[in-house]
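Q: how would this look folded up:
(chains A and B)
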Amino acid sequence: GENVEQHPSTLSVQEGDSAVIKCTYSDSASNYFPWYKQELGKRPQLIIDIRSNVGEKKDQRIAVTLNKTAKHFSLHITETQPEDSAVYFCAASRGGGFKTIFGAGTRLFVKA
Amino acid sequence: KAGVTQTPRYLIKTRGQQVTLSCSPISGHRSVSWYQQTPGQGLQFLFEYFSETQRNKGNFPGRFSGRQFSNSRSEMNVSTLELGDSALYLCASSLGGASQETQYFGPGTRLLVL
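A: Model (predicted):
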C-alpha cells in the first residue's frame, strides 16, 4: 500500500542550530503535503503545508521543500528554540476521498 | 469557528468492556478520520467517514467500528477491550471534498484499559 517514510526518528540539536526532517512518499498522485507539530500531551497542529505546484514555502523560521521527481519533501527549522521541542509528523494526500498517509514522526529535542 | 471536540477526554475501562468515543467536527466539515496513538508511536489510521459512509479503513480488527451522523458528528466503538487498546484516540476533521485539504485534530480521548 501507499506509505510515507520519515527520517530521522529522533533528532537532537543545540539551541540556535538548524533542524531538518525528511520524508519520502510512494504515491506519485500525492499533491498536498502538510506538516504537524505535536507537543507533549497535546493534539497535532498544522504548522506548514505545501502543494505540488510549489517547490518551496517559508513561514518565518520554518520552511518546506518539495521534490516531486524524487518524491520527497523536507521540513527545515532555523534558529531552533527550546519550544520547538516536539514530535513532528509529515503527511501526503491526494484528495478525492483518498486517505491522508502520515509518516512515523520525528522527536525533536532542542537543548538550551 | 469552534475547533474539533472530543468526549470524553479520559476514560478508564476494564478488559472485556466496550467503549464509545465521540467526535464533533468543525462546522461545515463532512469528513471525520480516527487515529490511534500509543506512547512513542505514530498515528495509526482507523477509519474515515464522509457523509455518513465509511470511505476508508485501516488495518484494525472488527472490534473497532464507527459511524457518522447526519450532522457529521462521529462515534467510534471498541468492543471486548484488550490491554493493548490503551491509547490516545484522536479524530480529525476536514471538508472532505475532491481537492487536498488540511485535517484538523481534536484534543483526543485517552483510554486506559485495566
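Q: residues in contact with the closest residue to residue B:55 other than its chain neighbours?
A: Residue nearest to residue B:55 in three dimensions, not counting chain neighbours: residue B:48, with 5.1 Å by Cβ to Cβ, 6 or more residues apart in numbering or on different chains. For the C-beta atoms, the positions are set from N, CA and C on the backbone; glycine is no exception. Taking Cβ atoms under 8 Å, 6 or more residues apart in numbering or on different chains, we find residue B:48 in contact with A:99, B:31-34, B:54-57.
Q: Report the buried residues of stretch B:22-38.
A: Applying a neighbour-count criterion of 16 or more other Cβ atoms under 10 Å in any protein chain shown, the buried positions in stretch B:22-38 are B:22-26, B:29-37.
Q: Among those residues, find me the one that's closest to chain A.
A: Distances from these to chain A were compared by Cβ to the nearest Cβ; the smallest belongs to residue B:33, at 7.1 Å.
Q: count of neighbours near residue A:90?
A: Applying other Cβ atoms under 10 Å in any protein chain shown, we find 27 other residues in the vicinity of residue A:90.
Q: same question but for residue B:107, I mixed them up
A: Residue B:107 has 17 neighbouring residues, counting by other Cβ under 10 Å.
Q: what's the distance between it and residue B:89?
A: From residue B:107 across to residue B:89, the span is 11 Å (Cβ to Cβ, to the nearest Å).
Q: okay, and the common contacts of those two?
A: Where contact means Cβ under 8 Å, 6+ apart, the residues bridging residue B:107 and residue B:89 through contact with each are residue B:6.
Q: Going by residue numbers, what spans are strands in chain A?
A: Shown for chain A, the strands assigned by DSSP state E span residues A:4-7, A:10-14, A:19-25, A:32-38, A:45-51, A:56-59, A:62-67, A:72-77, A:86-92, A:101-102, A:106-111.
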